[in-house]
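In: This is a predicted model, with the sequence first.
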Amino acid sequence: MDSFKNIYDIIDKYRNIVITTHLVPDGDAIGSVLSMYYFLKSKGKNPIVINHSPTPPNFEFLDSGIIKVFYDNQEENEKIINECDLILVLDTNEYSRTKSMEQILRNSTKPKICIDHHLGINDKDFTAYISDTDYPANCQLLFDFYKTIDADAIDDKIASLLYTGIMTDTGGFRFPRTSSQTFITAAELIQRGADPVELYDKVYGNTSLRKLKLISRFIHSLEFFNEGRLCIGYVTQKDFGELGLKEDDMEGLSAYTMDIDKVRAGIVVVELKTGLKLSFRSKGEINMNGFAKEFGGGGHKNAAGARVYDMNLHQLKEKILELKDKYIP
Ligand SMILES: [Mn+2]
């Protein structure tokens, strides 16, 4: 792992910098790429943000047309990536999570830097990286990075982006790894112009009726195992069709499983057109990273994910039930 100073010394050699993050970006991913965009702008660079997925509606207020979606203009975006000087990957350490951009990023011979807080970085994938899993949000890590390089560059816009990333990735300052340092960082961001009331309201206070109907169906789908310690919920293609759902409507469903008393581990299974998406959550020592790995995924101990393409919903459920006692006491 490299130091903040090392990383910036490399970045500072270049001008045309492509920034990207994972598919279906959450607040931490959007906060990461856009704060980096403004930070590098303030340093006289030419940053360009290209993502696989469009910005979800509740984060659109942060993105004033800056983020390009790879598929919207594949030819031009490929050209930008091929002709840039440096690639920055934020809030993920896996090229596969950039989906449609995976091959072009992998094949690029340009220097590549990763700044992330997830487990499992392959150091051969990057020229240099910071991978610190102690941070509950990549935006908290980036705050320390920007502060080390140039604290004055953290203006109200950057502060609002970082605050949004920290607020969302910590589930409102309550998920594991939230520490006193998280609150100190949040306080500093508020001092620098982030408005906690407004940001909360814009991100969480605009739930669509479609989403509320999804939550209602999801709660009806819940099944409990291991004396109520394991909770599994489902969203099917039927739900997608009848409610007109999009993939980013799934954001936050796993938190409902973890809110239930007795539940120590929650699994959300979403049936997409192209396969099954699994989210694993747990409390304490229950190792969901290991559980997710059984399905070819991974993540953190208390939060992990996987995508499964070679099973239907029924077969997947059988496999979960076969494996559950290995992970849930
Ligand atoms: Mn994150």
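Out: Received it, and whenever you're ready, just let me know what you need.
In: Surely residue 49 touches residue 20?
Out: Yes - using CB atoms under 8 Å, residue 49 is in contact with residue 20, at 7.1 Å. Where you see a C-beta, it was placed from the backbone N, CA and C, and this is true even at glycine.
In: Can you tell me the element whichever residue of the chain sits closest to the ion falls in?
Out: Nearest residue of the chain to the ion: residue 28, at 3.4 Å (CB to the ion). According to DSSP states H and E, residue 28 maps onto helix 27-42.
In: so what does that helix touch, helix or strand wise?
Out: Secondary-structure packing of helix 27-42 (3 or more CB pairs under 8 Å, 6 or more residues apart in numbering; DSSP states H and E): strand 16-20, strand 46-51, strand 86-90, helix 138-150, helix 156-169.
In: could I get the helix or strand containing residue 184 in CSV with only the CA atoms?
Out: Assigning secondary structure by DSSP H and E places residue 184 in helix 180-191. C-alpha atoms of helix 180-191 as CSV (Å, rounded to 0.1, in the frame of the first residue of the first chain):
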residue,chain,number,x,y,z
SER,A,180,-15.2,8.7,16.6
GLN,A,181,-13.0,9.7,13.6
THR,A,182,-16.1,9.3,11.4
PHE,A,183,-17.9,11.9,13.5
ILE,A,184,-14.8,14.2,13.7
THR,A,185,-14.6,14.0,9.9
ALA,A,186,-18.4,14.7,9.5
ALA,A,187,-18.0,17.7,11.9
GLU,A,188,-15.1,19.1,9.8
LEU,A,189,-17.1,18.6,6.7
ILE,A,190,-20.1,20.5,8.2
GLN,A,191,-17.6,23.3,9.2
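In: quick one: that helix to helix 138-150, angle?
Out: 70 degrees (axes from the mean of the first three to the mean of the last three CA atoms, to 10 degrees).
In: ok, and for helix 180-191, which residues are buried?
Out: For helix 180-191, the neighbour count (16 or more other CB atoms under 10 Å) marks 182, 185, 186, 188, 189 as buried.
In: Let me know the secondary structure of the residue lying closest to residue 287 once chain neighbours are set aside.
Out: Nearest non-adjacent residue to residue 287, counting by CB to CB, 6 or more residues apart in numbering: residue 301, 5.5 Å away. Secondary structure assignment for residue 301 (DSSP: H, G, I helix; E, B strand; the rest coil): coil.
In: which other helices and strands contact the helix or strand where residue 324 lies?
Out: Following DSSP H and E, one finds residue 324 within helix 313-327. In terms of contacts (3+ CB pairs under 8 Å, 6+ apart), helix 313-327 is packed against strand 230-235, strand 265-272, strand 275-282, helix 288-293.
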